[in-house]
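In: could you work out the structure for the sequence below:
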Amino acid sequence: MESPYINTLLAFVAEDDRYNRELVQAKEEFQVFAGAILESDRSYDARINSFHNWYVLDRPLKKQGVTPLEYFLTYNANSLTPEDYDRYRELADNIHSIFEIQKFRKDSIRVRDLLSKKKYDIMGVENTGHLEPGTLFNSRIFTHSGRNYFSNYLLLHPAQVAKEVRGQARKARKAQKKDQDSKPFLFQLVLFQSRYDQYTRMAPENIYRFGA
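Out: Okay, the predicted model is just below:
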């Protein structure tokens, strides 16, 4: 789902040169733990959107100490309509995870969150018809008016490593129960996906090497 709200947040922090420079710095930070973002990559659009989501929703601005989303809401609290304010707040409640497609329906697909084992019916998925049940991918889920939607990226993982990824997700799920952060695992998957895009002649099993 292409979100005009995320696009507005990006524009908001890019209008000022200070935040524009910070956007460049943030991209460098992101590429350290999530892999390079290259225009030649097969998944370039998904990868740059993944970075933009992380930047506006997760990463605190250096000076303000809050995310661009939180700063935007504070700065514009008196000028936003109640409906728009609520739509922006909904972005903060996203589900960031690794998902598995379970079944296709007429106007939605059902996915399972591998880190929580919860299942979600996702709307607005007209462009996912080429995927198959069992496909694994990183993304975020947003909820609006009781309906779930994907963010504007799906980072797909090759079928050859699905079994290994599921196994690692089980470990991450158990670690979550001990209050350990699952984001390093999610970004490790993004890193592997980056290498899979770049090293097209290498077997996926030799790229997705957890703990190596």
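
In: hey, let's count contacts and neighbours off CA atoms from now on
Out: Will do.

In: give me phi/psi at D113?
Out: When read as degrees, to the nearest 10, the backbone of D113 gives phi -80, psi 120.

In: who are the contact partners of it?
Out: 97-100, 119-120 (C-alpha atoms under 8 Å, 6 or more residues apart in numbering).

In: dump those residues into TSV; add distance to V111, neighbour count and pLDDT as well.
Out: Compiled in TSV, the contacts of D113 are given as follows (distance: C-alpha to C-alpha, whole Å; neighbours: other C-alpha atoms under 10 Å; pLDDT from 0 to 100):
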residue	distance to V111	neighbour count	pLDDT
S97	11	21	97
I98	10	26	98
F99	6	28	98
E100	5	21	97
K119	6	15	97
Y120	5	19	97
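
In: state the helix or strand in which the residue sitting nearest the centre point of the chain lies.
Out: Centroid-nearest residue in the chain: S139, 3.8 Å away (criterion: C-alpha atoms, centre = their mean). Assigned by DSSP states H and E, S139 belongs to strand 136-144.

In: now the end-to-end length of stretch 36-46.
Out: One end of stretch 36-46 to the other measures 13 Å (C-alpha to C-alpha, to the nearest Å).

In: follow-up on the earlier one: quick one: strands adjacent to the strand holding S139?
Out: Using DSSP bridges, strand 136-144 pairs in its sheet with strand 95-104 (antiparallel), strand 147-150 (antiparallel), strand 155-157 (antiparallel).

In: so which elements touch the worst-scoring helix or strand of the chain on mean pLDDT?
Out: Within the chain, confidence by mean pLDDT, DSSP states H and E is lowest for helix 4-14 among all helices and strands, at a mean of 85. If contacts are counted by 3 or more C-alpha pairs under 8 Å, 6 or more residues apart in numbering; DSSP states H and E, helix 4-14 sits against helix 17-34, helix 44-57, helix 68-75.
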